[in-house]
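Enquirer: Please find the sequence and the predicted model below.
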Amino acid sequence: MRNKESSDKSNLNACYEKANNTLPEKLPYITYVEAEKAARRIAIKFGKRKQASPAVLWDFGKKPFIRKNWVCLSGNSSGLHRGWKRLIHDMAHRIFRYRNPGLPDHCKLQANFEVELQNYVLKTGWLNGSLKPKPKVKLSSDEKKQFKIKVLKRNILRWESKAKRANTYLKKYKKKLKRLNNN
């Protein structure tokens, strides 16, 4: 059964017009890593069980399925077919369906939720590349050696601490055993 929400086409078109014009005209390319991080963070932020209807008995999940068309490394990244717009649009549909299982996929509430997601993405600065992985610093052979020495010293300290703790427990248990044997 469809909700009355979808019957008002003029308001529905106005809501989707707002959803289509919230993001900037030119969007940056998006890598798989960025898409994965963005989808996970959106799922965590907006897919909480307390935000869903009472009939929903499961969590949305923190590792959503990543679609290939979310990744856009060349071509037009500003269209709805690939890139950021597609990612936001798909996640809006998925989370809206999770939150409101009885409502149709395209309604004013879903369009407004999509605008909310777009504003969140704009506010977080993901379009500026904040989700991109940081480049790893290449270490020289001397720096690698110093790093390994530091790690080994830390491991030695940790295992010495464990050995002290083990010796303490051994002494404690031997005393208990001796006390019990004497009685």
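Expert: Sure thing, it's come through.
Enquirer: CA atoms for contacts and neighbours, from now on please.
Expert: OK.
Enquirer: In three-state terms, label the residue most central in space within the chain for me.
Expert: By Cα atoms, centre = their mean, the mean C-alpha position of the chain lies nearest to Arg40, the distance being 2.2 Å. On the three-state scheme (DSSP: H, G, I helix; E, B strand; the rest coil), Arg40 is labelled helix.
Enquirer: Would you mind measuring from it to Ile66?
Expert: 9 Å (Cα to Cα, to the nearest Å).
Enquirer: one step back: isn't the residue nearest to the centre of the chain up against Pro64?
Expert: Yes. Using Cα atoms under 8 Å, Arg40 is in contact with Pro64, at 6.4 Å.
Enquirer: for the helix or strand that contains Lys85, the distance to its chain's centre please.
Expert: Lys85 belongs to helix 84-99 when elements are defined using DSSP states H and E. Centroid displacement of helix 84-99 relative to its chain, using Cα atoms, centre = their mean, to the nearest Å, is 14 Å.
Enquirer: Just want the angle from the following helix or strand past it to helix 84-99.
Expert: Counting by DSSP H and E, the next helix or strand C-terminal to helix 84-99 is helix 108-124. Regarding helix 108-124 and helix 84-99, their directions subtend 130 degrees when assessed with axes from the mean of the first three to the mean of the last three Cα atoms, to 10 degrees.
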